[in-house]
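Engineer: Requesting a structural model of the entry that follows:
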Amino acid sequence: MSRRSKVVVPEARAALDQFKMEAANEVGVNLKQGYNGDLTSKQAGSVGGQMVKKMIESYENSIK
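Structural biologist: Below you'll find the predicted structure:
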């Protein structure tokens with residue numbers, strides 16, 4: 001069963017995909033366009049964790 005997260009602002013899909021690719025590259029995970037179900041949980045978690053880390057850093061820098 002495939003569940004895809006809904007994007008509140010559909011126009012943001014491309015930017016989110018690019019952000020995910022950049023985060024994956026930074027942690028050494030090779031993502032491809034489309035389906036990435038062959039990733040391990042550790043790989044997928046490291047990509048998500050890197051994305052969260054970058055969002056927190058961005059927010060912290062914006063409030064300084």
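Engineer: give me the low-pLDDT residue ranges for this structure?
Structural biologist: 1-5, 7 (pLDDT under 70).
Engineer: Please enumerate the helices of it.
Structural biologist: With DSSP state H as the criterion, the chain has helices at 13-26, 41-62.
Engineer: Reformat those helices as CSV; add distance to residue 32 and mean neighbour count.
Structural biologist: C-beta coordinates here come from the backbone N, C-alpha and C atoms, glycine included. CSV is the format used below for those (distance: least, CB to CB, whole Å; neighbours: other CB atoms under 10 Å):
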stretch, distance to residue 32, mean neighbour count
helix 13-26, 9, 14
helix 41-62, 12, 13
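Engineer: Make TSV from these and add distance to residue 35 to it.
Structural biologist: Below are these laid out as TSV (distance: least, CB to CB, whole Å):
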stretch	distance to residue 35
helix 13-26	13
helix 41-62	12
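Engineer: how much space between the residue in the chain sticking out farthest from the centre and residue 54?
Structural biologist: Here the chain reaches farthest from its C-alpha mean at residue 64, the gap being 24.8 Å by CA atoms, centre = their mean. Distance, residue 64 to residue 54, using CB to CB, to the nearest Å: 16 Å.
Engineer: Give me the contacts around stretch 15-33.
Structural biologist: Outside of stretch 15-33, the residues within contact range by CB atoms under 8 Å, 6 or more residues apart in numbering are 7, 39, 43, 46-47, 49-51, 54.
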